[in-house]
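K.L.:
task: produce atomic coordinates for the following.
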Amino acid sequence: MTMSALAEATSPVRHLAVSEFHTFEASGQRFGYMVPSAAVFAFDDCSTAVVELLKTRPHSPEEVLLALSPRFGEADVKDAVTELHRIRAIHDLAVKPAPLKIIPLRPMPIQTLVVNVTNQCNLACEYCYEYGEDKIVDTENGSQPKFMSEETARSAVDLALREAGAGKTAHITFFGGETLMNFKVLKSTVAYARTTAAAQQKDVDFSLTTNATLLQPDVIDFLANERIGVTISIDGPQDIQDKFRVFSNGKGSYDIAAPKIKALLARHKTRPIGARVTLTKQTLDVKRIYKHLFEDMGFWEVGFAPVTTAPQRDHALEAGPGYDNLLAQFRALAAEFLEASLQNKHHGFSNVRETLQEIHMGHAKAYPCGAGIGLLGVATDGEISLCHRFAGSPEHRFGSVSEGIDREKQASFLNDHHINNKTDCATCWARPICSGGCYHEAHTRYGDTAQPNLHYCDWIRGWTHTCLEIYGELAVKNPGFLRQFDGDDDEAPQPN
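P.N.:
Down below sits the predicted model:
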């Protein structure tokens with residue numbers, strides 16, 4: 001509605017009020033994060049004055065003009081009100097909001113299959129979600145095979161290629177357990193996928209996660225030659241790594257993994273190699289971990305995730321103090337990210353980069369991640385699950401690689417887990433980024449994947465606010481940095 005339309009209406013009397021958005025300051029300027037559209041808007045002095053006036057109480061358009069025209073001029077005030085109304089920062093109380101439009105869910109092609117080629121591991125990490133006290137599936141004594149067969153892996157490839165569609169790229173991530181314990185099947189599966197995809201005029205992109213202890217020279221050569229993306233699960237310098245990432249005899253894994261990681265980084269130059277860190281109450285030293293992995297070891301990027309565990313476990317972060325400490329450490333490292341980015345220098349703190357990308361692209365998520373939508377997990381027996389963390393769980397089964405995806409089960413899950421069904425999230429300004437949080441975390445903490453992760457709401461809001469401030473600083477001082485998130489591969493930073 002334009003300013004003139006608002007001003008001309010006299011019956012009933014129109015009043016303008018502030019809508020839902022979150023404000024933040026960056027580079028001496030005020031911004032608004034628009035909820036639920038997830039847009040970022042820069043306020044000038046006039047629009048700021050309009051918002052501040054309407055925060056006190058609703059005003060009619062005439063009252064707004066009367067109050068602010070002496071300072072800014074009538075034309076500028078009208079323009080500010082029109083623009084604020086257009087971006088839905090303010091609204092007319094007399095106009096009933098249009099009902100929320102829910103687009104009917106349709107089956108979506110699966111973009112990524114996470115294939116668990118084994119559910120066994122050569123480490124005995126105490127906090128591991130798959131082998132610890134919070135495990136969902138008994139991978140040691142259960143009915144699933146410990147290693148995926150070549151036939152099942154090929155069926156997973158066939159499914160991924162069918163889902164990819166004509167002329168498209170299928171994405172397959174190999175996972176475990178420790179993925180490289182089934183290197184023979186992994187290697188043959190890649191060869192099969194390359195040949196089959198080429199015959200269909202398609203392509204396959206591969207990645208995997210490993211603890212690095214089994215990285216032999218022939219394995220490293222294979223990963224480099226096949227351009228397979230690699231993420232290393234490692235927790236930091238030796239004393240931190242060996243706290244939990246140990247072999248079954250209690251011996252730490254750092255001395256085994258570190259030289260193999262350096263050999264991989266020296267040989268594998270075709271894809272950026274990232275580190276994935278699990279943070280616990282006992283190993284919460286973010287800047288020290290980052291410095292070791294990024295500067296000393298040479299990882300291209302480092303991502304951090306708090307341990308997924310029940311709150312009573314000894315390694316769980318404490319609600320309140322634990323997450324406050326984590327936020328303070330993230331903010332300190334994020335400040336270094338900003339300083340480097342303003343100088344167009346690469347900084348490997350991937351948690352910031354991923355959130356900046358979501359902000360830049362205006363993601364207003366109805367779901368916390370791609371699990372169940374564009375990503376599914378495959379267990380060693382070929383059963384399809386919500387994601388790799390639920391592999392083998394009958395409760396979270398979505399079909400199998402032989403019979404296909406259970407679209408009815410998928411649609412039911414997505415309907416039940418939509419953000420609009422999470423009433424605790426309805427008034428949270430960070431919901432476009434969070435959308436309730438990780439399903440596996442919710443299952444572990446609350447026994448229900450549909451439950452929002454209320455134990456870290458303050459953490460999410462605090463971290464999102466910090467990333468918004470960084471985004472604003474970059475938008476003002478180095479907007480060219482943000483072009484890497486436009487989808488142009490030429491703008492994306494590359495490894496040396």
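
K.L.:
now the strands: where do they sit in the stretch 51-200 of the chain?
P.N.:
All strands of the stretch 51-200 of the chain, identified by DSSP state E, counting those that start in this stretch, fall at 90-92, 112-116, 169-175.

K.L.:
apologies, that question was intended for the stretch 201-350 of the chain.
P.N.:
203-210, 229-233, 274-279, 301-306.

K.L.:
now for the last one, which elements pack on it?
P.N.:
Contacts of strand 301-306 with other secondary structure elements, assessed using 3 or more CB pairs under 8 Å, 6 or more residues apart in numbering; DSSP states H and E, are made with strand 274-279, helix 286-290, helix 321-342, helix 350-360. All C-beta atoms are positioned from the backbone trio N, CA, C, and that covers glycine.

K.L.:
so which of those gets nearest Ala305?
P.N.:
Set against Ala305 and scored by CB to CB, those come closest in strand 274-279, at 6.1 Å.

K.L.:
run through the neighbouring helices and strands of the helix or strand hosting Gly377.
P.N.:
Here Gly377, judged by DSSP states H and E, is contained in strand 375-378. Here strand 375-378 touches strand 112-116, strand 383-385, going by 3+ CB pairs under 8 Å, 6+ apart.

K.L.:
still on that earlier bit, how about the strands of the stretch 201-350 of the chain in CSV, adding mean neighbour count?
P.N.:
Shown next, in CSV, are the strands of the stretch 201-350 of the chain (neighbours: other CB atoms under 10 Å):
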stretch, mean neighbour count
strand 203-210, 20
strand 229-233, 21
strand 274-279, 22
strand 301-306, 20
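
K.L.:
include mean pLDDT and distance to Ile220 when you put the ones you listed into TSV, please.
P.N.:
Conversion of the strands of the stretch 201-350 of the chain to TSV gives the following (pLDDT from 0 to 100; distance: least, CB to CB, whole Å):
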stretch	mean pLDDT	distance to Ile220
strand 203-210	98	11
strand 229-233	98	9
strand 274-279	98	16
strand 301-306	97	19
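
K.L.:
same list (the ones you listed) but as a markdown table, adding distance to Arg288.
P.N.:
Converted to a markdown table, the strands of the stretch 201-350 of the chain look like this (distance: least, CB to CB, whole Å):
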| stretch | distance to Arg288 |
| --- | --- |
| strand 203-210 | 23 |
| strand 229-233 | 18 |
| strand 274-279 | 11 |
| strand 301-306 | 12 |
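
K.L.:
return the most buried member of the strands of the stretch 51-200 of the chain.
P.N.:
strand 112-116 (a mean of 26; mean count of other CB atoms under 10 Å).

K.L.:
need the residues that contact that one.
P.N.:
Under the criterion CB atoms under 8 Å, 6 or more residues apart in numbering, residues 148, 153, 156, 159-160, 163, 170-177, 189, 370, 374-380, 387-388, 391 lie in contact with strand 112-116.

K.L.:
picking that back up, and Pro61, which of the strands of the stretch 201-350 of the chain is closest to it?
P.N.:
Among these, the nearest to Pro61 by CB to CB is strand 301-306 (48.0 Å).

K.L.:
and the angle from that closest one to strand 274-279?
P.N.:
20 degrees (axes from the mean of the first three to the mean of the last three CA atoms, to 10 degrees).

K.L.:
got the CA coordinates for strand 301-306 in CSV?
P.N.:
What follows is strand 301-306, C-alpha atoms only, in CSV (Å, rounded to 0.1, in the frame of the first residue of the first chain):
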residue,chain,number,x,y,z
GLU,A,301,38.5,-24.6,6.7
VAL,A,302,37.5,-25.6,10.2
GLY,A,303,34.0,-26.2,11.4
PHE,A,304,32.9,-26.7,15.0
ALA,A,305,29.8,-28.5,16.4
PRO,A,306,28.9,-29.0,20.1
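
K.L.:
what does it rub up against?
P.N.:
With CB under 8 Å, 6+ apart as the test, strand 301-306 has contacts from 272, 274-280, 286, 289-290, 293-294, 317, 323, 326, 330, 348-351, 353-354, 456.

K.L.:
so how far is that strand off the chain centroid?
P.N.:
With CA atoms, centre = their mean, to the nearest Å as the basis, strand 301-306 stands 11 Å off its chain's centre.

K.L.:
Ala42 - that's part of a helix, no?
P.N.:
No - Ala42 is assigned strand when assessed by DSSP: H, G, I helix; E, B strand; the rest coil, not a helix.

K.L.:
against Thr82, how distant is it?
P.N.:
Look at Ala42 and Thr82: by CB to CB, to the nearest Å, they are 16 Å apart.

K.L.:
how about Asn325?
P.N.:
Taking CB to CB, one finds Asn325 at 45 Å from Thr82.

K.L.:
before we move on, the earlier item: from the contacts of strand 301-306, list the buried ones, please.
P.N.:
Buried members of the contacts of strand 301-306, scored by 16 or more other CB atoms under 10 Å, are 272, 274-280, 286, 289-290, 293-294, 317, 323, 326, 330, 348-351, 353, 456.

K.L.:
do you know the pLDDT at Lys101?
P.N.:
pLDDT recorded at Lys101 is 60.

K.L.:
then the one 4 residues further on?
P.N.:
Predicted confidence (pLDDT) at Leu105: the value is 61.

K.L.:
quick revisit: including mean pLDDT, could the strands of the stretch 51-200 of the chain go into TSV?
P.N.:
Output for the strands of the stretch 51-200 of the chain, formatted as TSV (pLDDT from 0 to 100):
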stretch	mean pLDDT
strand 90-92	94
strand 112-116	97
strand 169-175	97
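
K.L.:
output these as TSV; include the columns distance to Glu408.
P.N.:
Shown next, in TSV, are those (distance: least, CB to CB, whole Å):
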stretch	distance to Glu408
strand 90-92	39
strand 112-116	20
strand 169-175	24
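
K.L.:
buried residues of stretch 191-204, list them for me.
P.N.:
Buried positions in stretch 191-204, judged by neighbour count with 16+ other CB under 10 Å: Tyr192, Ala193, Thr196, Ala197, Lys202, Asp203, Val204.
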